[in-house]
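Visitor: Need a 3D model of the following:
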Amino acid sequence: MRKYLLPLSFIVVIIISIAIVINPFQTATVEEEPISQKWDDIDQEEVLMEVGNEYVEIVDLREEELYKEGHISGAINIPYEEFQDRYNELNQEKRIILICHTGRMGVESADFLVEKGFDKVANFGGGMAVWDGPLSTE
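Guide: Below you'll find the model as predicted:
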């Protein structure tokens with residue numbers, strides 16, 4: 001009986017070693033690649049360079065009352081609450097720059113436009129909360 005103890009213990013060690021290396025209960029770790037952002041995050045200087053450009057539409061996502069109090073010259077007002085119903089008013093051939101209060105609604109709207117096939121989309125990071133450029137009330 002003793003002659004089988006060594007081979008049996010050897011087999012147990014082999015099985016445990018294999019189990020450690022190939023653990024059937026271990027879940028596979030899949031590293032998720034970050035989703036590439038398909039729109040631009042731009043600053044005030046870049047927005048100012050685009051004001052008046054015929055190939056650009058600046059969209060103010062704030063409520064109409066705030067838009068009327070002061071907005072970037074040439075911006076059209078499509079409030080965030082209406083944006084998904086009215087996005088088709090935008091020209092897909094133009095660059096679309098989104099502006100909101102702080103940038104969050106612009107991020108969501110930019111993602112939405114990209115999903116709808118727009119490929120020239122930008123968001124003004126920080127929104128009107130950080131804007132210190134000229135304002136229009138017209």
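
Visitor: Where does the prediction get shaky in the protein?
Guide: Applying pLDDT under 70 to the chain flags the ranges 1-10, 12-14, 16-17, 19-36.

Visitor: And the strands in it?
Guide: For the chain, the strands defined by DSSP state E occupy 40-42, 56-60, 76-77, 95-99, 121-124.

Visitor: For the shortest one, which strands pair with it and how are they oriented?
Guide: Partner strands and pairing direction for strand 76-77 (DSSP bridges) are strand 56-60 (parallel).

Visitor: contacts for the strand it pairs with?
Guide: 47, 50-51, 67, 71-72, 74-78, 90-91, 94-100, 109, 128 (CB atoms under 8 Å, 6 or more residues apart in numbering). In short, each C-beta sits where N, CA and C put it, glycine included.

Visitor: Could you pick out the buried ones from those residues?
Guide: 47, 50-51, 67, 71-72, 74-75, 77-78, 90, 95-100, 109, 128 (16 or more other CB atoms under 10 Å).

Visitor: So which residues of this structure form helices?
Guide: 5-21, 44-50, 64-69, 80-86, 104-115 (DSSP state H).

Visitor: From Lys38, how far off is Thr102?
Guide: From Thr102 across to Lys38, the span is 21 Å (CB to CB, to the nearest Å).

Visitor: With distance to Glu138 added, can I get the strands of the chain in JSON lines?
Guide: Putting these into JSON lines (distance: least, CB to CB, whole Å) gives the following:
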{"stretch": "strand 40-42", "distance to Glu138": "24"}
{"stretch": "strand 56-60", "distance to Glu138": "13"}
{"stretch": "strand 76-77", "distance to Glu138": "12"}
{"stretch": "strand 95-99", "distance to Glu138": "16"}
{"stretch": "strand 121-124", "distance to Glu138": "20"}
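
Visitor: With only the CA atoms kept, save stretch 83-95 in PDB.
Guide: In PDB, the C-alpha atoms belonging to stretch 83-95 read as follows (Å, rounded to 0.1, in the frame of the first residue of the first chain):
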ATOM      1  CA  PHE A  83     -33.700  68.500 -29.400                       C
ATOM      2  CA  GLN A  84     -34.300  64.900 -30.200                       C
ATOM      3  CA  ASP A  85     -37.600  65.800 -31.900                       C
ATOM      4  CA  ARG A  86     -36.000  68.800 -33.800                       C
ATOM      5  CA  TYR A  87     -32.500  67.700 -34.700                       C
ATOM      6  CA  ASN A  88     -33.600  67.100 -38.300                       C
ATOM      7  CA  GLU A  89     -33.800  71.000 -38.600                       C
ATOM      8  CA  LEU A  90     -30.000  70.900 -38.700                       C
ATOM      9  CA  ASN A  91     -28.000  70.700 -41.900                       C
ATOM     10  CA  GLN A  92     -25.900  67.500 -41.700                       C
ATOM     11  CA  GLU A  93     -23.400  68.900 -44.200                       C
ATOM     12  CA  LYS A  94     -22.500  71.800 -41.800                       C
ATOM     13  CA  ARG A  95     -20.400  71.600 -38.600                       C
END
